[in-house]
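A.B. asks: Prediction below, plus the sequence it came from.
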Amino acid sequence: MSRKYSPEMRERALRMLAETRPEHSTMMAVIRHIAGLLGMSPETLRLWQRRYEVDAGVKPGLTTDAAAEIKRLQKQNAELRKANEILKAASVFFAKELDRP
């Protein structure tokens, strides 16, 4: 699935949020304002802001790097399990061959 917004657009939007924050009473007001200027959904911008805060360590949560590492390890684990199953099946097959007269 292709991304609708480029990484440069994300960086620009987050920079605009930080610069415009003092002019508004709430973060949602800033998000709605910037989202309207950029022609995007406020929810998209809110999620980007939340992800940025977690990655920066401002808020608790799973960082983008940690999530990518977990995904990589899960994929590797699945591959190793599959290889292990193949090796077990092969050992059973060859054990039966040795038992034949």
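C.D. replies: In hand now; what should we look at?

A.B. asks: Please determine how far Ala83 is located from Asn77.
C.D. replies: Using Cβ to Cβ, to the nearest Å, we find Ala83 at a distance of 11 Å from Asn77. For glycine as for every other residue, the C-beta is placed from the backbone atoms N, C-alpha and C.

A.B. asks: Lys96 now?
C.D. replies: Counting by Cβ to Cβ - Lys96 and Asn77 are separated by 29 Å.

A.B. asks: which intervals of this structure have sub-threshold pLDDT?
C.D. replies: Low-confidence segments of the chain (pLDDT under 70): 1-3, 101.

A.B. asks: In the chain, which helix is the longest?
C.D. replies: When the chain is parsed with DSSP state H, its longest helix is helix 64-99.

A.B. asks: just checking, what packs against that one?
C.D. replies: In terms of contacts (3 or more Cβ pairs under 8 Å, 6 or more residues apart in numbering; DSSP states H and E), helix 64-99 is packed against helix 42-56.

A.B. asks: related to what we said a few turns ago, going by neighbour count, list what's buried in the longest helix of the chain.
C.D. replies: Within helix 64-99, no residue counts as buried by 16 or more other Cβ atoms under 10 Å.

A.B. asks: If we go by neighbour counts, what in whichever strand or helix holds Ile31 is buried?
C.D. replies: Using DSSP states H and E, Ile31 maps to helix 27-38. By neighbour count with 16+ other Cβ under 10 Å, helix 27-38 contains the buried residues Val30, Ile31, His33, Ile34, Ala35.

A.B. asks: neighbours around the closest residue to Val30 other than its chain neighbours, how many?
C.D. replies: Sequence neighbours aside, His24 is the residue nearest to Val30 in space, at 4.4 Å (criterion: Cβ to Cβ, 6 or more residues apart in numbering). His24 has 15 neighbouring residues, counting by other Cβ atoms under 10 Å.

A.B. asks: How about Ala13?
C.D. replies: Count around Ala13 with other Cβ under 10 Å applied: 22.

A.B. asks: how close does it sit to Ala68?
C.D. replies: Distance of Ala13 to Ala68, given as Cβ to Cβ: 22 Å.

A.B. asks: Same question for Asn84.
C.D. replies: 25 Å.
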